[in-house]
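K.L.:
pasting a predicted model and its sequence here:
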Amino acid sequence: MLWQPTHDELARPNFVQSLTMHIFRNIFPGNKVLYEKLAKPKFEQEHQRPPQNRYEIREVMQHEPYYRWTGVQ
């Protein structure tokens, strides 16, 4: 006998997949804009040089609410 999932059991993973795709397609690209427009200039102003690695970028980005909302940290 094969397992027959209910409507709710099928709907949950479909919703999660749709939400994940929405975040990757529509929300994450905003992090690049945030970096270019806010984080990078802020870092350069404070340190008088561009960021050298991802750790320095994260140091500035983690204080931005948009970045924190995306759950990347």
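P.N.:
Cool, got the structure. This one's a predicted model, so the numbers in the text were calculated from it and none came from an experiment.
K.L.:
do a quick rundown of the helices in the protein.
P.N.:
Secondary structure of the chain (DSSP state H): helices located at 7-22, 29-34, 40-47, 54-61, 65-69.
K.L.:
let's have these in CSV, adding mean neighbour count and distance to residue 1.
P.N.:
Heads up, the C-betas are built off the backbone N, CA and C, glycines and all. Listed next are those as CSV, based on neighbours: other CB atoms under 10 Å; distance: least, CB to CB, whole Å:
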stretch, mean neighbour count, distance to residue 1
helix 7-22, 10, 16
helix 29-34, 13, 46
helix 40-47, 13, 59
helix 54-61, 15, 51
helix 65-69, 13, 45
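K.L.:
redo the ones you listed as TSV? Include mean pLDDT.
P.N.:
Putting the helices of the chain into TSV (pLDDT from 0 to 100) gives the following:
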stretch	mean pLDDT
helix 7-22	93
helix 29-34	91
helix 40-47	94
helix 54-61	92
helix 65-69	84
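K.L.:
end to end on stretch 20-31, go ahead and measure it.
P.N.:
Using CA to CA, to the nearest Å, one end of stretch 20-31 lies 16 Å from the other.
K.L.:
my bad, stretch 54-70
P.N.:
End to end - CA to CA - stretch 54-70 spans 17 Å.
K.L.:
which ones are touching the residue nearest the centre of the chain?
P.N.:
Closest to where the C-alpha atoms of the chain average out (CA atoms, centre = their mean) is residue 70, at 3.7 Å. Residue 70 is in contact with 23, 27-28, 30-31, counting by CB atoms under 8 Å, 6 or more residues apart in numbering.
K.L.:
and it, how far is that from residue 34?
P.N.:
Applying CB to CB, to the nearest Å, the value for residue 70 to residue 34 is 10 Å.
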